[in-house]
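Trainee: Mind looking at a prediction? Sequence and model below.
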Amino acid sequence: MLRSLYNWTMRLAGHRHAIWALAGVSFIESSVFPLPPDLLLIPMVLADRRKAFLYAAVCTLASVAGGFLGYAIGHFLWESLGQKIIQTYGLMDAYIRFKTNFDQYGAEYIIIKGLLPVPYKIITIASGAFNFDLATFAVASLISRALRFFLVAGLFWKFGEPIRTFVEKWLTLVTTAFAVLLVGGFVLVKYLH
């Protein structure tokens, strides 16, 4: 099953409309979607390493644009939608702890948390709910998301074939490790500042 899912993802990554799917996933992940765009970015870079930095730019810009949607949800729709999204992911305690230091270290939080495998939507929604300065939010989000996606794309651009060979040989192990990192990101946000 994993092998067929992997093969499907690799075929999708090579599809002529894959860049639009990447942009869509990157956009919606910043506000409501649980899966990170890396799930599509990585196979796309592996499928065509010449376009690695184009894909990173698309991820970055779409993620920041989606971050504005998350910000708007937190700012304008906290009671009706933002709170429900945070609760759906079991992150309400993290949200409350986040508030404690966010006023003083908001830009740093956005940059650091945006780099980590933690749900970026909590940062975007919280920024809006806390009425964080929109210009600072935009700059910090751009720095954070660019660093993350260009680092991922750069690594897979540089070491693409050996990584692809490793992934294809050890698919179950790689998938398990990625799932552990994803769940670990949620746990990290839930229990740490």
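Mentor: Perfect, I can see it now. Residues are numbered from 1 along each chain as shown.

Trainee: Low-confidence regions, this structure specifically.
Mentor: Per-residue confidence for the chain (pLDDT under 70) gives these ranges: 1-10, 13, 117, 164-193.

Trainee: And the residue nearest the centre of it?
Mentor: Centroid check for the chain by Cα atoms, centre = their mean gives residue 36 as the closest residue, at 4.2 Å.

Trainee: now the helices for this protein?
Mentor: Secondary structure of the chain (DSSP state H): helices at 2-13, 18-29, 38-47, 52-76, 83-88, 92-115, 120-129, 134-158, 160-169, 171-191.

Trainee: Report the distance from the shortest one to the chain centre.
Mentor: When you say that, I think you mean helix 83-88. Centroid separation for helix 83-88 versus its chain: 17 Å, with Cα atoms, centre = their mean, to the nearest Å.

Trainee: now do stretch 106-126
Mentor: The chain centroid and the centroid of stretch 106-126 are separated by 9 Å, computed with Cα atoms, centre = their mean.

Trainee: Ends of that stretch, what's the gap?
Mentor: With Cα to Cα, to the nearest Å as the measure, stretch 106-126 spans 10 Å from end to end.

Trainee: Can you point out the buried residues in it?
Mentor: 106-107, 109-111, 113-114, 117-126 (16 or more other Cβ atoms under 10 Å). C-betas here are computed from N, CA, C, even on glycine.

Trainee: Next: stretch 73-82.
Mentor: Using 16+ other Cβ under 10 Å as the test for burial, stretch 73-82 gives 73, 74, 75, 77, 78, 81, 82.

Trainee: Return the most buried member of the helices of the chain.
Mentor: Across these, averaging neighbours per residue (mean count of other Cβ atoms under 10 Å) puts helix 120-129 on top, at a mean of 28.

Trainee: So which elements touch that helix?
Mentor: The contact analysis (3 or more Cβ pairs under 8 Å, 6 or more residues apart in numbering; DSSP states H and E) places helix 120-129 against helix 52-76, helix 83-88, helix 92-115, helix 134-158.
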